[in-house]
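1. Provided below for reference: sequence and predicted model.
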Amino acid sequence: MAADFNWAVGGEAGDGIDSTGKIFAQALSRAGRHVFTSKDFASRIRGGYTAYKVRTSVDKVQSVVDRLDVLIALTPRTIEENLEELHEGSVIIYDGERTTMQDVEIPDGMIGIDVPLKRLAEEAGGAIMRNVVALGAACEVAEFPIENLDSALEKRFADKGQKLVDNNKEAARAGQSYVDEEYDHEFDYDLETTDEDYVLLNGDEAIGMGAIAAGCRFYAGYPITPATDVMTYLTGRIERYGGHVVQAEDELSAINMALGAARGGARSMTATSGPGIDLMTETFGLIATSETPLVICNVMRSGPSTGMPTKQEQGDLNQMLYGGHGEVPRFVLAPTTISECFWKTVEAFNLAEKYQLPVYLTADLSMAVTEETFPPEAFDMDEVEVDRGKVVDEADIDDHMSESGGFQPHEITDDGVSPRAFPGTADGAHMSTGLEHDEQGRRTEDTEMRVEQVDKRNRKVETAREREDWSPREFGDEDADTLVVTWGSNEGALAEAVEFLADDGLDVRVLSVPYIFPRPDLSEDVEAAENVIVVECNEQGQFADLVEHDVLARVDRINKYNGVRFKADELADDIKATLAEGVEA
Amino acid sequence: MSSDIRFTDFKSDKQPTWCPGCGDFGTMNGMMKALAETGNDPDNTFVVAGIGCSGKIGTYMHSYALHGVHGRALPVGTGVKMARPDIEVMVAGGDGDGYSIGAGHFVHAVRRNVDMTYVVMDNRIYGLTKGQASPTSREDFETSTSPEGPKQPPVNPHALALASGATFIAQSFSSDALRHQEIIQKAVEHDGFGFVNVYSPCVTFNDVDTYDYFRDSLVDLKEEDHDPSDKEAAKDVIFDDETEHQGIIYQDEESVPYHERHGVDEDMSVIPDGAPEGATDLVREFY
């Protein structure tokens, strides 16, 4: 792999750190370089510090590393926060004329580049452009052609007028020439450019774009870190495709609005994070039992309770698998890369409608706030397929009527999937309810119908298990003795870790699993390996539990779910019958 | 297709299990008649029901319907209407569903002014759980969970609506069939959120707010020279604690419903087999 370059800008919240970092990332991407960004929201020392970090190479980069080559430090604390990442020869760009930076000490072995950012910015048209002066300085240090920065500045400020664009370009050049004139140090960096075209986007944006591509027309949500970007992305864009975004009064409302739109026949979704999932769980059983297709996106953050809202965790796996009272069929998808966020969103909508159930689409904070470059073909809209499942219209609705002439939205079928009729379909009027119901959706407590409906709903999951592809992604050495299993956003870091391990002579096989439920059966892979390691961002190893569960020998089961308790004589008979069939190993 | 629609077309084949004499029978009849009179039919109507005795209404009416989670009927109706502006949406629930567990949604549904009708079957009691205080129960109304009365004032739903920017506020009485139907009909016809609180007596658990009580005390605003477009007059009616009123309390004739303000006018159920036209523009934005 070509040498990577690690860069950051850091300061106080409110210093324009995000926007500055994004401009530099955009410039690199437009220069045909791969980019992988990350954000430090919170401090190791105390609050207020924030940083935007960029890792770039001409080869694909898909992880962060503990190294920083060039740092733009707007505050002394930015240096302190990054001491571990900075190394011998690292360059620190700062404004020695800024009061707080006057006495700053550049650690031994590092190169301090003192640039009067504010003064040069004022000369170019305004102090507000001081970060852009710093970007120009960084271009000079890294030998990165400043024209690429121009291109990013044009994109950023295009709607603010040419004058502002020109001022910013001038500010960048002021920073560049200052370093050129004042420092004759030879820096070892050479950020070459390529002719490749890349797009730069984060996981939330990929999910939002996937939703529009999949024909999602309705989104209701309540702002929450780190899922808000999904909503922000859709706002102003989904309207261009005939859709609408509503900011609900809370997550209880958001999911019920999304449910209403889905009952109306729209592809509909909501996105939230753990605390929002807690509230939405109230409605989860209703979605499943009324057999409503709905995509619920959970961008996980560190919990429990308010936890660490701006920190990474994959702690909601069990909640998504088991949350809600009663037994609720559901699918749980966990895209493993940012481009997969797009494709799994499309898939989530298709699965939701084909099997008429709620689908959790889960990403996590690190994926949500990370921007990564991809060739635009990674989001080829011509490849998007929309499968709405068993929707009936006026022509074929007669095949799904009860003897008394009522439409049967919960018809008992072999594959468990029943017909759907959208409002407005003649003769399709029907009731849907969270109560147990008959084939027409009318409330029932009939013990046999109860069992038939439960079985029918579960049969959909079995059907999906057989019909759909639930394979994991595999990489590394397929013959290695060591199997590493992971899920969700860890794939990128693991893919690069495998290269580090190979350099040390250690080969591993990796299975990166995007499907939590249904999920691939890994029991043969697990049993064939000498060592099995499950990697995930949580304390309890929630996915590891599932892997262990899947390889365990089975017990026999006696289950009753018709609404009546066990009776002694019946239970004795059941146990005898089970034993007669033989206990399976 | 609407000219030959009769209100009985909105009746399902399930017999109501409401107690004999329950106010909800009359409330439901008025709703069905209003829907038929306004040219709707079961296949273009969506009824959302809450939880409680009132929530059973979705089962007894015939239309597209969802009987949802306690207190969340309004958000569901909002979603249906936004996705399907072509569909008539009616949301029904009780005083507990609307003013207790769902009170937060009520305020915001009113603010949004989505073009739908909200019928609250207000019996001032929790009936399905066998008689506990509701948010509209009187301060001294004795129940199993409030032996000396709730000792807190009842919610004033009309005031809540007015304060939230309502464009249509009305009160009816389930037993005054013609007037009730007329009021619901006005709410259906209103361009925006048509809110009707219906006195719908519980004959089993509420021996205070009875048919006789309402018959004797109700004053009809129609006979009172009340101008519904006059907000100040509406305020006087709403904060008059001495009198039970029925009629259109307030109607903003200039009401602009949500879908007009936000340009949400498409049937969202119709989508192409692949990505929508122009979707590649979304990718280009990320260059």
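-> Yep, it's here.
2. these two touch, right, B:Ser134 and B:Gly93?
-> No - contact criterion Cβ atoms under 8 Å: B:Ser134 and B:Gly93 do not qualify, at 11.8 Å. Heads up, the C-betas are built off the backbone N, CA and C, glycines and all.
3. gap between the two ends of stretch A:214-230?
-> One end of stretch A:214-230 to the other measures 15 Å (Cα to Cα, to the nearest Å).
4. do that stretch and chain B meet at all?
-> Yes - using Cβ under 8 Å from any Cβ of the partner chain, stretch A:214-230 reaches chain B at A:Ala214, A:Gly215, A:Arg217, A:Phe218, A:Ala220.
5. quick check: mean pLDDT of that stretch?
-> The predicted model gives stretch A:214-230 an average pLDDT of 97.
6. how about that stretch: buried residues?
-> A:214-222, A:224-230 (16 or more other Cβ atoms under 10 Å in any protein chain shown).
7. farthest pair within these?
-> A:Gly215 and A:Thr225 (27.8 Å; Cβ to Cβ).
8. residue 270: how many residues sit nearby?
-> Answering for chain A, as no chain was given. 30 (other Cβ atoms under 10 Å in any protein chain shown).
9. chain B is the one I meant
-> For B:Val270, using other Cβ under 10 Å, the count is 12.
10. quick check, it in a helix?
-> No - secondary structure of B:Val270 (DSSP: H, G, I helix; E, B strand; the rest coil): coil, not part of a helix.
11. how close does it get to A:Met401?
-> Note on B:Val270: its distance to A:Met401, by Cβ to Cβ, to the nearest Å, is 24 Å.
12. with adjacent residues omitted, what lies nearest to the residue of the stretch 101-250 of chain B found nearest chain A?
-> Closest approach between the stretch 101-250 of chain B and chain A, counting by Cβ to the nearest Cβ: B:His108, at 4.1 Å. The shortest distance from B:His108 to any non-neighbouring residue, by Cβ to Cβ, 6 or more residues apart in numbering or on different chains, is to A:Glu249 (4.1 Å).
13. same check on B:Tyr60?
-> B:Pro16 (4.8 Å).
14. helix or strand for that neighbour, which one?
-> Taking DSSP states H and E as the definition, one finds B:Pro16 inside no helix or strand.
15. can you count the residues close to it?
-> 17.
16. which stretches of the chain aren't confidently modelled?
-> All of this is about chain A. A:1-2, A:42-44, A:46-47, A:582-585 (pLDDT under 70).
17. could you do chain B instead?
-> For chain B, counting by pLDDT under 70, the residues that fall below are B:1-3.
18. cutoff 50 now
-> B:1-2 (pLDDT under 50).
19. quick check: longest helix of it.
-> The longest helix of chain B (DSSP state H) is helix B:23-37.
20. contacts only, for the most centrally placed residue in chain A.
-> In chain A, the centroid-proximal residue (Cα atoms, centre = their mean) is A:Ala363; its distance is 2.8 Å. Contact analysis of A:Ala363 by Cβ atoms under 8 Å, 6 or more residues apart in numbering or on different chains lists A:Gly203, A:Asp204, A:Ile207, A:Cys297, A:Asn298, A:Val299, A:Met300, A:Ala334, A:Pro335, A:Cys341, A:Gly488, A:Ser489.
21. repeat that for A:Val65.
-> A:Asp4, A:Asn6, A:Arg55.
22. any idea how far it lies from chain B?
-> 24 Å (Cβ to the nearest Cβ, to the nearest Å).
23. ok, back up a step: same for the longest helix of chain B, what does it pack against?
-> In terms of contacts (3 or more Cβ pairs under 8 Å, 6 or more residues apart in numbering or on different chains; DSSP states H and E), helix B:23-37 is packed against helix B:57-60, strand B:88-94, strand B:117-122, helix B:177-189, strand B:194-199.
24. kindly recompute the last result at 10 Å.
-> Judged by 3 or more Cβ pairs under 10 Å, 6 or more residues apart in numbering or on different chains; DSSP states H and E, helix B:23-37 is in contact with strand B:45-49, helix B:57-60, strand B:88-94, strand B:117-122, strand B:168-173, helix B:177-189, strand B:194-199, helix B:211-217.
25. the more surrounded of B:Ser134 and B:Gly93?
-> More crowded of B:Ser134 and B:Gly93, by other Cβ under 10 Å: B:Gly93, with 31 against 27.
26. is the more buried one in a bridge, and if so with what?
-> Beta-bridge pairing for B:Gly93 (DSSP bridges): B:Val120.
27. same check on A:Thr362?
-> According to DSSP bridges, beta-bridge pairing links A:Thr362 with A:Asn298.
28. so which residues on the stretch 101-250 of chain B come close to chain A?
-> Residues of the stretch 101-250 of chain B found near chain A (Cβ under 10 Å from any Cβ of the partner chain) are B:Ile101, B:Gly102, B:Gly104, B:His105, B:Phe106, B:Val107, B:His108, B:Ala109, B:Arg111, B:Arg112, B:Val114.
29. touching, A:Thr447 and A:Gln453? I think so.
-> No - look at A:Thr447 against A:Gln453 with Cβ atoms under 10 Å: they stay out of range, at 11.1 Å.
30. out of these two, which sits in the busier spot?
-> Each of A:Thr447 and A:Gln453 has its neighbours counted (other Cβ under 10 Å); A:Gln453 has more, 20 against 13.
31. now name the helix or strand holding the more buried one.
-> Using DSSP H and E, A:Gln453 falls in helix A:447-467.
32. do A:Ser339 as well
-> Using DSSP H and E, A:Ser339 falls in helix A:338-355.
33. how far off centre is that helix?
-> 12 Å (Cα atoms, centre = their mean, to the nearest Å).
34. quick check: angle from that helix to helix A:447-467?
-> 140 degrees (axes from the mean of the first three to the mean of the last three Cα atoms, to 10 degrees).
35. who are the neighbours in contact with the nearest residue to A:Tyr178 once chain neighbours are set aside?
-> Ranked by Cβ to Cβ, 6+ apart and with sequence neighbours excluded, the top spatial neighbour of A:Tyr178 is A:Val115, at 5.4 Å. Residues in contact with A:Val115, defined by Cβ atoms under 10 Å, 6 or more residues apart in numbering or on different chains, are A:72, A:93-97, A:130, A:133-134, A:136-138, A:140, A:174-176, A:178-179, A:182-183.
36. same question, A:Gln408
-> A:397, A:399-402, A:418-419, A:421, A:430, A:438-441.
37. that one and chain B, how far apart?
-> Taking Cβ to the nearest Cβ, one finds A:Gln408 at 14 Å from chain B.
38. skipping adjacent residues, who's closest to that residue in space?
-> A:Glu439 (4.2 Å).
39. next one: A:Ser305
-> A:Pro275 (7.5 Å).
40. double-check that that neighbour belongs to a strand.
-> No - under three-state DSSP, A:Pro275 sits outside any strand and is assigned helix.
41. tell me the contacts of it?
-> A:Tyr222, A:Ile224, A:Thr225, A:Glu251, A:Arg301, A:Gly303, A:Pro304, A:Ser305, A:Thr306, A:Gly307, A:Pro309.
42. what's the answer for A:Glu385, then?
-> Applying Cβ under 10 Å, 6+ apart, the residues contacting A:Glu385 are A:Ala214, A:Val346, A:Glu347, A:Asn350, B:Asp273, B:Gly274, B:Ala275.
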